[in-house]
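Q: 3D, please:
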Amino acid sequence: MPKILVVDDEPNIAELIRFILEKENYTVVSALDGLAGLAVARENRPNLIILDVMLPGKDGFEVCRTLKANPGTAMIPIVMLSARSELIDKILGLEIGADDYVTKPFSPRELLARIKANLRQREYARKLFASGDEKILKYNDIVIRPERHEVALNGNRVDLSPKEFEILLLLASHPGRVFTRNLLLEKIWGFDEVRETRTVDVHVRYLRQKIERNPASPEIIETVRGLGYRFNEKKKNDCVAIPGRIQNASSLI
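A: Okay, the predicted model is just below:
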């Protein structure tokens with residue numbers, strides 16, 4: 001079963017989360033402050049991290065930023081946990097690389113659903129392109145290697161967060177198809193009942209900063225006003241799979 005790291009300085013909360021996870025047969029490791037959390041994450045390489053924002057030593061934002069900047073831990077999904085419900089805190093967490101944000105007090109059922117959704121999506125690209133020769137999705141100077149979970153721009157590797165990669169792969173697999181924000185929430189995050197659609201906008205904005213020549217006037221990921229986003233249909237002939245076909249992409253819809 002997946003290993004989950006819980007970083008929270010409130011023993012009651014940490015024990016509650018441990019109880020919830022162990023009941024589902026997850027392996028749980030824990031830390032009580034930010035510095036210890038970093039050490040445990042590097043040593044154990046968990047499948048997912050539940051990270052409190054208000055931590056002694058290093059706060060959760062600093063810990064998240066450090067983990068996402070380290071190649072060895074950058075791909076680990078991070079669910080931020082905080083008693084602060086202000087939108088600015090949620091946006092900040094997402095902007096520095098967090099994959100999800102849950103507000104205290106939380107519903108155990110909701111937290112567990114978020115954990116399962118993020119673990120499921122971590123294997124998104126591998127499962128989508130699990131068999132046969134490696135498929136390479138190419139769009140002008142962008143090359144997407146789904147099995148390797150890698151993106152290159154003009155021959156240089158682009159470091160994307162897991163959610164940024166999944167958004168790019170989904171849109172690029174369906175050029176011209178409009179994906180509403182709610183549909184992206186469902187396909188990428190797993191569900192959308194309790195999530196704000198601003199989550200999608202934040203991730204798309206950061207994705208554009210990494211792959212667009214001019215993020216303020218995007219040519220690759222277009223905004224469809226009032227609806228959502230689409231991969232530029234005018235360039236769909238440049239979007240090819242090498243050496244095989246993207247035969248499983250339609251299963252996402």
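Q: and V28, which of the three is it?
A: In terms of secondary structure, V28 is strand; the call rests on DSSP: H, G, I helix; E, B strand; the rest coil.
Q: Show me what it is bridged to.
A: Listed beta-bridge partners, V28: I4 (assigned using DSSP bridges).
Q: Pull up the gap between it and H174, please.
A: Plainly put, V28 is 38 Å away from H174 if you go by Cβ to Cβ, to the nearest Å. C-beta: built from backbone N, CA, C; applies to glycine.
Q: ditto for N70
A: 33 Å.
Q: neighbour count winner among those two?
A: H174 (19 against 13; other Cβ atoms under 10 Å).
Q: Report the secondary structure state of that one.
A: coil.
Q: how about stretch 210-227: buried residues?
A: For stretch 210-227, the neighbour count (16 or more other Cβ atoms under 10 Å) marks 211-212, 218, 220-222 as buried.
Q: What ranges does the stretch 1-150 of the chain have for its strands?
A: Using DSSP state E, counting those that start in this stretch, the strands found in the stretch 1-150 of the chain span residues 3-7, 27-31, 48-52, 78-82, 100-103, 136-139, 142-145, 150-153.
Q: So which residues make contact with the last one?
A: By that I understand strand 150-153. Here strand 150-153 makes contact (Cβ atoms under 8 Å, 6 or more residues apart in numbering) with 141-145, 157-158, 160, 165, 168, 210-211.
Q: quick revisit: so which of the strands of the stretch 1-150 of the chain comes closest to I91?
A: Closest to I91 of the strands of the stretch 1-150 of the chain is strand 100-103 (Cβ to Cβ; 9.0 Å).
Q: element containing the residue most central in space within the chain, please.
A: The centre of the chain sits closest to K163, judged by Cα atoms, centre = their mean, with a distance of 2.7 Å. Here K163 sits within helix 162-172, counting by DSSP states H and E.
Q: Quick one: name whatever helix or strand follows that helix.
A: Next along from helix 162-172, by DSSP H and E: strand 179-180.
Q: Could you check the helix or strand that that following strand is followed by and say which residues are buried?
A: Where DSSP H and E defines the elements, the next helix or strand beyond strand 179-180 is helix 181-184. Applying a neighbour-count criterion of 16+ other Cβ under 10 Å, one finds 181, 183-184 buried in helix 181-184.
Q: Low-confidence stretches in the stretch 151-253 of the chain?
A: 190-196, 234-253 (pLDDT under 70).
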